[in-house]
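Participant: What follows is a predicted protein model with its sequence.
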Amino acid sequence: MPSATLAVAQAGPLVSVQDGGRPGLMRFGVPRSGPMDRHGFHSAQAALGLSPEGSVLEISLGGLTLDCIDGSVTVALAGGQFRAAIDGTSIAAWSVATLRAGSRLSIRPGDWGSWCYLALAGQLQSKRWLGSSATYSIANLGGGQLVAGDRLVVAAAETLPEREGTLPSPDWAKPPDQIRVVLGPQQHFFGPAAVATLLAEPYALSDAYDRMGVRLSGPSLGLLARLDMPSEALVRGSVQVAGDGAPTVLLADHQTTGGYPKIATVISADLDAFTQARAGDLVRFQAVTPEAAIAAAREHHAIVERHLAALRQGALPLQARLMQMNLIDGVVKA
């Protein structure tokens with residue numbers, strides 16, 4: 001089978017290899033890791049008809065430049081609205097294109113988003129740890145973070161000209177201004193004023209932001225008493241509050257246990273879009289019931305599955321996309 005070789009000319013911090021992660025190991029102290037934006041990750045794979053658990057490249061705001069030095073391979077880009085170009089010619093932030101020997105692909109931050117995903121039509125060869133190529137960034141275990149000079153080999157590389165083109169980028173993939181949370185499980189450590197503040201005041205994402213979590217800037221959430229709770233299991237999306245009253249939202253590489261109280265948890269339906277927010281962006285929190293969070297998760301899952309199914313059918317040429325649009329919506333009189 002043919003292969004393709006890509007050389008890393010430039011890679012920013014936290015550009016790494018990711019797959020679906022390591023489920024079921026948190027009881028042993030091993031974070032799941034995997035993609036920050038799971039929808040963007042799966043979208044890039046679906047656009048090439050790949051397995052949803054395969055390895056892709058996760059690209060941070062530091063950007064990535066790849067040189068194809070041997071062979072040819074079709075790639076798909078999805079996630080945040082980054083700027084991408086092949087040999088200086090721009091391609092859409094959500095698109096499928098083919099790299100050939102001598103091609104250079106550059107990916108840089110665009111209008112919105114903190115993470116984007118590059119899937120490759122083939123089998124990306126990478127290191128594995130505990131059965132997964134997902135990079136645990138704190139220890140750089142798994143497929144690993146990319147640095148200039150690295151070589152990436154894609155086994156069984158394919159070119160898929162029938163899939164090339166622009167992909168639909170859904171509005172709900174963008175970071176929202178309002179994030180839904182379920183209060184708790186330790187909101188009793190905080191007075192009514194602290195809970196009201198969390199739900200009434202805007203918070204800005206700080207630059208203390210990595211794959212483990214993001215610290216928020218805003219009004220302090222004062223504790224009622226000293227911290228004396230034992231460490232307990234954590235989940236992605238926990239809003240943990242340290243002794244200084246600053247909330248932190250835990251993300252893909254979060255620690256498995258912690259002893260700080262969690263005032264709330266971001267619901268799963270909003271979490272992927274939240275990860276696309278950038279430092280300085282403002283968010284507001286809205287409390288919902290556990291029942292509403294479950295209903296939102298089911299509704300969001302159905303929407304995502306429909307979108308992924310459309311991507312698996314392949315990118316559409318402009319004429320076909322125009323045929324699917326209502327171009328005369330609102331016209332009432334000639």
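Facilitator: Everything's here; your move.

Participant: which residue packs closest to A264, ignoring adjacent ones?
Facilitator: Of all residues beyond its chain neighbours, the one nearest A264 is V181 (3.9 Å), with distances taken as Cβ to Cβ, 6 or more residues apart in numbering. Glycine gets a C-beta too; all of them are placed from N, C-alpha and C.

Participant: unless I'm mixing things up, the one you found is touching T289, no?
Facilitator: No - checked against Cβ atoms under 8 Å, the pair V181 and T289 is beyond contact range at 10.9 Å.

Participant: which residues sit in contact with the residue nearest the centre of the chain?
Facilitator: The residue at the geometric middle of the chain, judged as the C-alpha nearest the mean C-alpha position with Cα atoms, centre = their mean, is D37 (1.7 Å). D37 makes contacts with G79, G80, W115, Y117, A173, D272, A273, T275, Q276, as judged by Cβ atoms under 8 Å, 6 or more residues apart in numbering.

Participant: For the helix or strand containing I294, which residues meet the burial criterion?
Facilitator: Secondary structure assigned from DSSP states H and E places I294 in helix 290-312. By neighbour count, with 16 or more other Cβ atoms under 10 Å as the criterion, the buried positions of helix 290-312 are A293, A296, H300, V304, H307, L308, L311.

Participant: what secondary structure does the closest residue to the last one other than its chain neighbours sit in?
Facilitator: So the one you mean is L311. Spatially, and ignoring its direct neighbours in sequence, L311 is nearest to A46 (4.0 Å; Cβ to Cβ, 6+ apart). Here A46 is helix, with the state taken from DSSP: H, G, I helix; E, B strand; the rest coil.

Participant: what separates the helix or strand where A84 lies from the chain centre, distance-wise?
Facilitator: When elements are assigned from DSSP H and E, A84 belongs to strand 72-86. The chain centroid and the centroid of strand 72-86 are separated by 15 Å, computed with Cα atoms, centre = their mean, to the nearest Å.

Participant: State the paired neighbours of that strand in the sheet, together with their directions.
Facilitator: Strand partners for strand 72-86, identified by DSSP bridges, are recorded as strand 89-91 (antiparallel), strand 95-100 (antiparallel), strand 104-120 (antiparallel).

Participant: Same list, these, but as TSV with mean pLDDT, distance to R284 and mean neighbour count please.
Facilitator: Output for the strands paired with strand 72-86, formatted as TSV (pLDDT from 0 to 100; distance: least, Cβ to Cβ, whole Å; neighbours: other Cβ atoms under 10 Å):
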stretch	mean pLDDT	distance to R284	mean neighbour count
strand 89-91	97	34	13
strand 95-100	98	33	21
strand 104-120	98	18	21
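
Participant: Nothing else from me, thank you.
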